[in-house]
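S.K.: model this:
(2 chains)
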Amino acid sequence: MFIPHTDAERKEMLTALGLKNLNELFSDVPDKYRFPELNMPKGMTEMEAREFIEGFADANVTTHDYICFLGAGAYDHYIPAAIDSILRQGEFFTAYTPYQPEISQGTLQVIFEFQSLICNLTSLDIANASHYDGATATAEACITAYAHFREKRKKIILSGALNPQYREVVHTYLSGIDGIEIITDEEGQQSLPDPEKIIDVVDENTAIVVLQYPDFFGRIIDFTQIINDAHQKGALVCLAVNPIALGMLKTPGEMGADIAVGEGQPLGIPLSYGGPYLGFLAARKELVRKLSGRLVGETVDGNGKRGYVLTLTAREQHIRREKATSNICTNQGLIALAATVYMSLLGKNGMQQVSNLCYQNAHYAAKKIAAVPGFEVLTPEPFFHEIMVHCPTSIEHINHHLLNEGILGGYPLENDYPALRDCMLLAFTEKTTKETIDLLCEVLEESHHE
Amino acid sequence: MSTPKDLKFSETDEWIKVKGNTALIGISDFAQNQLSDIVYIEFELDVDDDFDKEETIATIESVKAAADIHAPVSGTVLEINEALIDNPETLNEDPYGSWLFKISIDDPSEVDTLMDGETYDRFCEDRGN
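M.R.: Below is the predicted model of the structure:
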C-alpha cells in the first residue's frame, strides 16, 4: 500500500493533535473491534484467483447459452459486432459527460445524431441527450408536464398497461412534490385493461396521461382518438414506446402525442442483468423549455465551420441553480453512442426489417402456442412481439421446466396484476427461430403433462 | 442610461410605474446588464391572477443565467406583455420601455416603501464596488 505521509510528517500531525501515537486516534473504538480476526481464505496467486473467479462466472446462465423468451421491458436482440468496436475507441470509452462540452466535439456530435435519430423514430420535433433508462425518462416526462402547467394541474394518470416498474419509478421520482396525485386506471381489475377507459379519469386537473405503446401486454393500440380526447381536456399525453416497434408502427408524432419516452436497450445494448440501459425522451417543440437534461445543437463557428454546442440545459443546475427541476445533469453518453451506432448501422430499412421479424416471429409463436393443449394466448390482435399466455399450471412450475431444457421462460404477471393468475408474458425477437419456437411448444406441452 | 425619475425600484431590481390604481412592472437597466443577452421570458402568472409582494411572477433566462422576477408590490394581473415572448431581447435594448405586467395595486402604501431612482442608482453603485 502506498501512503504518501512520511514518519516525520505523521509525528508532526500527532504532536499538533497532542497524541502520542496513531492508536490513540482510535481510542473510542473498543479494543476487541479494532483488529477483528477475519474469516478469510489464504492468499492466492493471480493465476489461482483468476481460475477461482471464473468458476463463479461460469455458473452464470446467459442468453448466449440459453434461448430467451423473457421480455417485459428488456429484450434479447442481436447486437452487431461493430457497436462494441466503436464503443471501445479510447476517445469515446473514457469520456464521461462533457463538462466543457464545446471541446468535446466528437461526443457532442454523437449526442446530436442520437437526438436526430430519436426524432426520426418518434416523429417528434426535439429529443434530449438521453436518460438513465425508460423508467426515469417516463418520470421526467411527468415532471415536464407538471412544470408546463406551472404546477397548476396536479393529476398524473398512468395507464394500467404501463410497465409496473415504470409506474413505481414515477411514484418514487415524484414523491417529494407536494399535492401531486398519481393515479392508475383500473389496475388489476380485469384481465386486460380497456384502453378507452382511461379517458374517464382525465379531467381539467390532469397534467399528463402516460400510455405504453405497444402496451405492457404487447397490444398495438392506435391511441389517436384517446390522445385527442385527452387534449380536449387540456392534458398532455406521453407514450412510452418500444423503439424497435416504431420501425413498423404508426409513430407517437403521427398519433398526436406530446411526448414520447422509451427504453433504448433494444437498440444494441446488452441485457446485462438490468443495466446500464438508456432512456430517451422526445417532445413537441413547444415543450423544449421544460425538458429535462440537455439538448445539443448544430451551429457554425467564427470561420463558418460546422460545430456542435450545448444549446439548452433549461432545467439543469448550472442554469437554474437552486431552482433546477431535473435530476439529470448527465446523459448515458456511451450507451447513447451504442444506440446511435445500432440505428446508423441498420438504417431505415434495417430497422423496419428487425421490427418485421419480431412481429412475424411472435405471430408464428402465438399460433403454435395456442395449439398446445391447456395454453391460451390472451393478447388479442394486433400485437407486436410479446404476448400474454394463460397456462394450465403455475408459471413457476413451467419456468422451472423450461430452464431445465435450456430455455429462459416468460415473465409472471401475477405479482403485478393479481387478477392475472397463471399468466406470463413471452417475448420474441429477430433472434427467435422457427426451431426455438417449436422447441418451446414441445416443452410447454411436456410441462403440462408432467 | 439615465434612470427615469417617475419609477420606483425594488431591491431585487424590478421597477414599477404607478398610474392611479394601476401600474406597469419591468426590470431595471442594471438587471438586464447583469443578465447579459436575454433569450427567454416565461410569465408565471395569468391575467386575473393575484400575487403577493416578492412572489415570483416571471422567469428570465439569459445566455448566462436564469433569474426570477419578483413582484415589487401585491396586486392582480391586468395584462401581460406577450410581445416579449417572441422578442425577449427588447428587455436588453429598452428596459424602461419594456413592461412585463400591467397590474392593479392592492395597497398603494407598499409603493412608498420602494426606492426612488436616485436611491436606486446609489444602491446599484454600492453593489458594483
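S.K.: okay, CA-based contacts and neighbour counts for the rest of this
M.R.: OK.
S.K.: List the buried residues of the top helix by length along chain A.
M.R.: Secondary structure of chain A per DSSP state H: the longest helix is helix A:333-370. Using 16 or more other C-alpha atoms under 10 Å in any protein chain shown as the test for burial, helix A:333-370 gives A:333-343, A:351-363, A:365-366, A:368-370.
S.K.: for the chain, which spans come out with low pLDDT?
M.R.: I went with chain A, as the question did not name one. For chain A, applying pLDDT under 70 flags the ranges A:1, A:95-99, A:186-191, A:314, A:317-323, A:325, A:327-331, A:450.
S.K.: think we crossed wires, I meant chain B
M.R.: Looking at chain B by pLDDT under 70, you get B:1, B:128-129.
S.K.: for chain A, what are the nearby residues on it?
M.R.: B:44, B:64, B:65, B:66 (C-alpha under 8 Å from any C-alpha of the partner chain).
S.K.: Adding neighbour count, secondary structure and distance to residue A:26, write those residues out as TSV.
M.R.: As requested, these are exported to TSV (neighbours: other C-alpha atoms under 10 Å in any protein chain shown; DSSP: H, G, I helix; E, B strand; the rest coil; distance: C-alpha to C-alpha, whole Å):
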residue	neighbour count	secondary structure	distance to residue A:26
B:44	15	coil	56
B:64	14	coil	49
B:65	17	coil	47
B:66	22	strand	48
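S.K.: and the gap between whatever residue of the stretch 101-250 of chain A ends up closest to chain B and residue B:9?
M.R.: Nearest residue of the stretch 101-250 of chain A to chain B: residue A:150, at 7.0 Å (C-alpha to the nearest C-alpha). Taking C-alpha to C-alpha, to the nearest Å as the measure, residue A:150 falls 27 Å from residue B:9.
S.K.: try residue A:192
M.R.: 61 Å.
S.K.: more crowded one of the two?
M.R.: For residue A:192 and residue B:9, the more surrounded residue by other C-alpha atoms under 10 Å in any protein chain shown is residue B:9, and the numbers stand at 25 against 20.
S.K.: how about that one, what does it touch?
M.R.: B:15, B:16, B:72, B:114, B:115, B:116, B:117, B:120 (C-alpha atoms under 8 Å, 6 or more residues apart in numbering or on different chains).
S.K.: Which strand residues bridge the closest residue to it other than its chain neighbours?
M.R.: Spatially, and ignoring its direct neighbours in sequence, residue B:9 is nearest to residue B:15 (4.5 Å; C-alpha to C-alpha, 6 or more residues apart in numbering or on different chains). Note on residue B:15: beta-bridge partners residue B:9, residue B:26, judged by DSSP bridges.
S.K.: Which of the helices or strands spans residue A:139?
M.R.: Using DSSP states H and E, residue A:139 maps to helix A:134-148.
S.K.: Kindly report the same for residue B:39.
M.R.: strand B:38-43.
S.K.: same question, residue A:426
M.R.: strand A:423-427.
S.K.: quick one on the thing from earlier: distance from whichever helix or strand comes after the strand holding residue B:39 to the middle of the chain?
M.R.: Counting by DSSP H and E, the next helix or strand C-terminal to strand B:38-43 is strand B:50-51. Computed by C-alpha atoms, centre = their mean, to the nearest Å, the chain-centroid distance of strand B:50-51 equals 15 Å.
S.K.: elements contacting strand B:50-51?
M.R.: strand B:75-80 (3 or more C-alpha pairs under 8 Å, 6 or more residues apart in numbering or on different chains; DSSP states H and E).
S.K.: just checking, what packs against the strand it packs on?
M.R.: Applying 3+ C-alpha pairs under 8 Å, 6+ apart, one finds that strand B:75-80 makes contact with strand B:50-51, strand B:101-105.
S.K.: List the strands paired with the shortest one, with their directions.
M.R.: With DSSP bridges as the test, strand B:50-51 is paired with strand B:75-80 (antiparallel).
S.K.: can you tell me how far residue A:354 sits from residue B:45?
M.R.: 49 Å.
S.K.: Equivalent analysis for residue B:71, please.
M.R.: For residue B:71, the distance to residue B:45 - C-alpha to C-alpha - is 11 Å.
S.K.: higher neighbour count, the two?
M.R.: Remark: of residue B:71 and residue B:45, residue B:71 carries more neighbours, 23 against 17, as counted by other C-alpha under 10 Å.
S.K.: tell me the domain boundaries of chain A?
M.R.: A:67-77+A:347-449, A:81-343 (automatic domain parsing).
S.K.: quick one, helices of the stretch 101-250 of chain A?
M.R.: A:105-122, A:134-148, A:164-174, A:224-232 (DSSP state H, counting those that start in this stretch).
S.K.: Residue B:57 is nearest to which of those?
M.R.: helix A:134-148 (14.6 Å; C-alpha to C-alpha).
S.K.: Pick out the residue of chain B closest to chain A.
M.R.: For chain B, C-alpha to the nearest C-alpha, closest residue to chain A: residue B:65, 5.2 Å.
S.K.: is it true that that residue touches residue B:32?
M.R.: No - in this structure, residue B:65 is not within contact of residue B:32 by C-alpha atoms under 8 Å, at 11.4 Å.
S.K.: got a list of what the most centrally placed residue in chain B touches?
M.R.: The centroid of chain B falls nearest to residue B:26 when counting by C-alpha atoms, centre = their mean (2.7 Å). Residues counted as contacts of residue B:26 (C-alpha under 8 Å, 6+ apart) are B:14, B:15, B:16, B:95, B:96, B:98, B:99, B:100, B:101.
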